[in-house]
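*Asks:* Sharing a sequence plus its predicted fold:
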Amino acid sequence: MANTPTPHIGAQIGEIARTVLMAGDPLRAKFMAESFLEDPVQFNNIRGMLGFTGTYNGKRVSVMGHGMGIPSIGIYTYELFNFYDVETIIRIGSAGSYNRDLHVGDLILAMGACTDSNYGSQFGLPGTFAPLADFKLLRGAAETCDKLGIRYKVGNVLSSDVFYAETPQADKWIKMGVLAVEMEAAALYMNAARAGKRALTICTISDHVILGENTSPEEREKTFTNMMKVALSIA
């Protein structure tokens, strides 16, 4: 394909599987490839955004980093969906809980993604688009959580453009039932919708906005294995 390798992904056509699991931290992608995939082969290292393809239970799967924020995941998922024939992207990330019943280590299956980003304006829609997950992926993830006894909730997340907010607005999102805040799901879901592809975001709670619970960077890189197992079960 004439558009590959792309400016941000150095792979050739055929080196990336049709299902890609993506993490914000490329080292988490590397950890996942080394821990779960058989015979992983690296296909990307541009800007340090590591990507690997291997097999899991006999199925070909790729894992890759996507960086932080909507602009970053927007670029990588656009290229994967539109230039590399990827059909499914599952984001495995971290989120800050807005819900008193969601604690550090629990999972969120993001059915929808609210956002304060202007990313959706590019589509010129005459209203507000509601970015949603693929239902088959969502249902499969929930069933796996039930089977494995993993604590989780299904619902809305906030994909925010701002990490250090000058005027925090968490209380307003909490009133609307939003479960947690992260920074990428909305762009992933919009890109999937536009490309006619499938997407899901699975997040592990890394900190609690209300209760003050938190985890270390090393824990976020190497110990959030439940969401990896769930994602691989539906890959």
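*Replies:* That came through, no problem.
*Asks:* residue ranges with poor pLDDT in the chain?
*Replies:* For the chain, the stretches flagged by pLDDT under 70 are 1-2, 219-223.
*Asks:* all strands in the protein, in order from the N-terminus.
*Replies:* Using DSSP state E, the strands of the chain run over 19-23, 38-44, 51-56, 59-65, 88-97, 107-115, 152-159, 180-182, 198-208.
*Asks:* Which residues outside the second one are in contact with it?
*Replies:* Which is strand 38-44. With contact meaning C-beta atoms under 8 Å, 6 or more residues apart in numbering, strand 38-44 is reached by 9-11, 15-16, 33-34, 50-56, 62-64. All C-beta atoms are positioned from the backbone trio N, CA, C, and that covers glycine.
*Asks:* Selecting buried members of the residues you listed in ChimeraX, what would you type?
*Replies:* Burial among the contacts of strand 38-44 is assessed by 16 or more other C-beta atoms under 10 Å; the matching ChimeraX selection reads:
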select :9,10,11,15,16,33,50,51,52,53,54,56,62,63,64
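*Asks:* hmm, back to that, tabulate the strands of the chain in TSV, adding columns for distance to residue 82.
*Replies:* Formatted as TSV, the strands of the chain follow (distance: least, C-beta to C-beta, whole Å):
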stretch	distance to residue 82
strand 19-23	13
strand 38-44	16
strand 51-56	16
strand 59-65	15
strand 88-97	12
strand 107-115	20
strand 152-159	21
strand 180-182	23
strand 198-208	13
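*Asks:* Those strands: which one's closest to residue 233?
*Replies:* Distance to residue 233, taken as C-beta to C-beta, is lowest for strand 51-56 among these, at 9.2 Å.
*Asks:* just checking, what packs against that closest one?
*Replies:* helix 26-36, strand 38-44, strand 59-65 (3 or more C-beta pairs under 8 Å, 6 or more residues apart in numbering; DSSP states H and E).
*Asks:* same thing but at 10 Å, please
*Replies:* strand 19-23, helix 26-36, strand 38-44, strand 59-65, helix 225-234 (3 or more C-beta pairs under 10 Å, 6 or more residues apart in numbering; DSSP states H and E).
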